[in-house]
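Engineer: Below are the sequence and a predicted model; questions follow.
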Amino acid sequence: MNRKTLRGKVDRVSPASNPPQKSLRIASVNVNGIRAAYKRGMQEWLDGRDVDILCLQEVRAPDAVVRSLLGDDWHILHTEAEAKGRAGVAIASRQEPTATRTTIGDSYFDTAGRWVEADFTVEGSTLTVVSAYVHSGDVGTPKQDDKYRFLDAMITRLPQLRDGADHAVVVGDLNVGHTQLDIRNWKGNVKNAGFLPEERAYFDRFFSDECGFLDVARLLAGDVDGPYTWWSWRGKAFDNDTGWRIDYQMATQALAKSAVTADVDRAPSWDTRFSDHAPLVVDYQI
């Protein structure tokens, strides 16, 4: 399929190449409130990206608002958080899914608005796509307990996804930097939520034979700093690229190895961002 060219800066995490004609483009972004993101220009970004499957986190809006903003050209799966104005995740696709689910398997999170799954048939293969939003956490508080419980649920669910379809990909804001390459100021964050050794150990398991997933952006980028996907709104973090790589596309082995490009769509300037996160866009050739 023909792909449009995005204007502005793109941090390419894979060697420059021309995506194959029949690639599947999956984009993921924490929008930090979809209404605010649209006011800041999210629609312009989306119009220029020719996305097949769009995964959103921290939507923070009622379902009717999400559908109104995205429009009628998408099949939309969206789950709101019971707490108004919090969390919320969605999958919007050009192709209608064959099945959908809105829970991770632990009933404690059924109304948390942090996990949705959609199944698709692509080139004769079954593909499961997950949009996930892991808790930020806060050391020594119930928020951190909830984060660990959610990560435990992921440890249970990921092998089931791997074994239940030809391909599976879990994307979203997972709120953990896996290695020192994923945070600019890692030394100052080893005791903070998001870079705790206990949190990072879960990602070791995600990317092991136990769960069977690969970190697609890291696979294509190699051992380089970042590219980061989140920068604080405050100070000069964005201008100085003092960021965190906490947004992922984790794919099962064959799907990950079919990825041909992975791009972080970093805005050209602080004031042109539509979120404090940048989209992560991956082209797969299934």
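Structural biologist: Received it, and whenever you're ready, just let me know what you need. Residues are numbered from 1 along each chain as shown.
Engineer: so what's residue 279 closest to, chain neighbours aside?
Structural biologist: Computed as C-beta to C-beta, 6 or more residues apart in numbering, the closest residue to residue 279 that is not its neighbour in sequence is residue 29, at 3.9 Å. Glycine gets a C-beta too; all of them are placed from N, C-alpha and C.
Engineer: now the one you found, which residues is it bridged with?
Structural biologist: In this structure, residue 29 bridges to residue 56 when assessed by DSSP bridges.
Engineer: burial count for the closest residue to residue 105 other than its chain neighbours?
Structural biologist: Closest residue in space to residue 105, ignoring its immediate chain neighbours: residue 157 at 5.3 Å, by C-beta to C-beta, 6+ apart. Residues within reach of residue 157, counting by other C-beta atoms under 10 Å, total 21.
Engineer: now swap in residue 149 and tell me
Structural biologist: 13.
Engineer: Now do the same contact list for it.
Structural biologist: By C-beta atoms under 8 Å, 6 or more residues apart in numbering, the contact set of residue 149 is 106, 108-109.
Engineer: Where does pLDDT dip in the stretch 151-286 of the chain?
Structural biologist: Counting by pLDDT under 70, not a single residue of the stretch 151-286 of the chain qualifies.
Engineer: ranges for the strands of it?
Structural biologist: 167-173, 213-215, 247-252, 259-264, 280-284 (DSSP state E, counting those that start in this stretch).
Engineer: For residue 135, see how far away residue 48 is.
Structural biologist: 32 Å (C-beta to C-beta, to the nearest Å).
Engineer: Which of the two has more residues huddled nearby?
Structural biologist: More neighbours surround residue 135 than the other of residue 48 and residue 135, with 21 against 15 (other C-beta under 10 Å).
Engineer: Next, give phi and psi for the residue lying closest to the more buried one once chain neighbours are set aside.
Structural biologist: Nearest non-adjacent residue to residue 135, counting by C-beta to C-beta, 6+ apart: residue 147, 4.0 Å away. As for residue 147, its main-chain torsions (degrees, to the nearest 10) stand at phi -60, psi -50.
Engineer: which residues sit in contact with residue 147?
Structural biologist: 134-137, 175, 193, 199.
Engineer: In this structure, which residue sits furthest out from the middle?
Structural biologist: Distance from the C-alpha centroid of the chain, by C-alpha atoms, centre = their mean, peaks at residue 140 (26.2 Å).
Engineer: neighbours around residue 269, how many?
Structural biologist: By other C-beta under 10 Å, the residues close to residue 269 number 11.
Engineer: what's the distance between it and residue 203?
Structural biologist: To residue 203, residue 269 is 31 Å away according to C-beta to C-beta.
Engineer: list the buried ones in stretch 165-183?
Structural biologist: For stretch 165-183, the neighbour count (16 or more other C-beta atoms under 10 Å) marks 165-178, 181-183 as buried.
Engineer: can you check stretch 203-215 too?
Structural biologist: 203, 206-207, 211-215.
Engineer: Same list, those residues, but as a markdown table with distance to residue 263 please.
Structural biologist: Formatted as a markdown table, these follow (distance: C-beta to C-beta, whole Å):
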| residue | distance to residue 263 |
| --- | --- |
| 203 | 22 |
| 206 | 22 |
| 207 | 21 |
| 211 | 25 |
| 212 | 25 |
| 213 | 20 |
| 214 | 18 |
| 215 | 15 |
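Engineer: and which of those residues is nearest residue 257?
Structural biologist: Of all the buried residues of stretch 203-215, residue 214 has the smallest distance to residue 257: 7.7 Å, by C-beta to C-beta.
Engineer: how about the closest one, what does it touch?
Structural biologist: Counting by C-beta under 8 Å, 6+ apart, residue 214 makes contact with 207, 250-253, 256-257.
Engineer: what bridges to it?
Structural biologist: Under the criterion used (DSSP bridges), residue 214 bridges to residue 251.
Engineer: Can you give me the distance of it to residue 250?
Structural biologist: The value you get for residue 214 to residue 250, if C-beta to C-beta is used, is 7 Å.
Engineer: quick revisit: which of the contacts of residue 149 count as buried?
Structural biologist: Among the contacts of residue 149, those scoring as buried are 106, 109 (criterion: 16+ other C-beta under 10 Å).
Engineer: and which of the contacts of residue 149 is nearest to residue 80?
Structural biologist: residue 109 (13.2 Å).
Engineer: was I right about the closest one contacting residue 154?
Structural biologist: No - judged on C-beta atoms under 8 Å, residue 109 makes no contact with residue 154 at a distance of 10.5 Å.
Engineer: what about the stretch 1-150 of the chain, any weak spots by pLDDT?
Structural biologist: In the stretch 1-150 of the chain, residues with pLDDT under 70: 1-21.
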